[in-house]
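Q: One predicted model, sequence on top.
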There are 2 protein chains.
Amino acid sequence: MELKKLADCLKALGDPTRLEMIALLKHRDCCVCEFIPVFNISQPAISKHLNRLKVAGLVTENRKGQWVFYSLNRKKLEEVGLGLSHLPDVTNIFDELEAKGLLVHCE
Amino acid sequence: MELKKLADCLKALGDPTRLEMIALLKHRDCCVCEFIPVFNISQPAISKHLNRLKVAGLVTENRKGQWVFYSLNRKKLEEVGLGLSHLPDVTNIFDELEAKGLLVHCE
DNA sequence: TATGGATATAACAATATAGTTATACTATAA
DNA sequence: TTATAGTATAACTATATTGTTATATCCATA
């Protein structure tokens, strides 16, 4: 995954509430109203956290009648993990600076 | 890794600048002055990003004369990846709500 | 010891984030 | 069609984040 996209996903995951949501969704799909008693925040706050995860592509939503169920995008979560362990090769950054004579040589 | 700590690490990694720093440090140790021409931000900004990574335990610093070199804590980075793929079991959260009669049953 | 280079910290500004309450929207059911 | 439950959005506030410039600190060396 590209660095910018990966950073976006990591930022979405980098919040205790959202990470706990992900952990719960790993267990099973959940509807918004199930999250409300779990977290000590208002329903709109829950909704916004879920939207943040959705925008990052980490969850999908699925309306069933008046309820909206959220599901974990396991593939995406796995991609983030893999992205972390296989960060893109950025050695060319130093090479390019070297070519422009901008690379600092310490000591 | 505990959820709160994991979220802290993910938040530290969830910034394009810091993630690119991590990618560069995966290649080799770098001193602060080497990062300056890479990113379009001031030296104090570089310094603060590195401190954020250090506080999260993702890098270590090592002074050599007037230079400060930063090294990737590969073990920690790996732990974060593993933490993501093996999120703690939180099924007890629903169980406890169930016991208190607070669990919502949709549909 | 004085000077200068490398890095960190302080003080501040602009923007992003995460929460709130109020309200709008959507679907079910009376 | 009206009322109600579940969810999302709007408007706002407080705090966190990320950058800046100015300055302090640390170390090598003239």
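A: Good, I have the coordinates.
Q: so how far is chain B from residue A:20?
A: Relative to chain B, residue A:20 is positioned 6 Å away (criterion: Cβ to the nearest Cβ, to the nearest Å). In this view, the C-beta of every residue, glycine as well, is placed from N, C-alpha and C.
Q: list the contacts for residue A:3?
A: A:87-88, B:16, B:19-20, B:23 (Cβ atoms under 8 Å, 6 or more residues apart in numbering or on different chains).
Q: let's see 6 Å
A: When the contact criterion is Cβ atoms under 6 Å, 6 or more residues apart in numbering or on different chains, the partners of residue A:3 are B:19-20.
Q: and the helix or strand bottoming out on mean pLDDT in chain A, which residues are buried?
A: Every helix and strand in chain A was compared by mean pLDDT, DSSP states H and E; the lowest is helix A:91-99, with a mean of 92. Across helix A:91-99, burial judged by 16 or more other Cβ atoms under 10 Å in any protein chain shown covers A:93-94.
Q: Restrict it to CA atoms and write it as CSV.
A: Coordinates of each C-alpha in helix A:91-99 appear next as CSV, following Å, rounded to 0.1, in the frame of the first residue of the first chain:
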residue,chain,number,x,y,z
THR,A,91,16.2,4.2,-0.6
ASN,A,92,15.7,6.1,-3.9
ILE,A,93,15.0,9.2,-1.8
PHE,A,94,18.5,9.3,-0.6
ASP,A,95,19.8,8.4,-4.0
GLU,A,96,18.0,11.4,-5.5
LEU,A,97,19.3,13.8,-2.9
GLU,A,98,22.8,12.4,-3.5
ALA,A,99,22.4,13.1,-7.2
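Q: Run through who's touching it.
A: A:103, B:27, B:37-38.
Q: at 8 Å instead, please
A: A:103, B:20, B:24, B:27, B:34, B:37-38.
Q: what do you get for stretch A:65-74?
A: Contacts of stretch A:65-74 (Cβ under 8 Å, 6+ apart): A:21-22, A:25-26, A:29-33, A:50, A:53-54, A:57-63, B:106-107.
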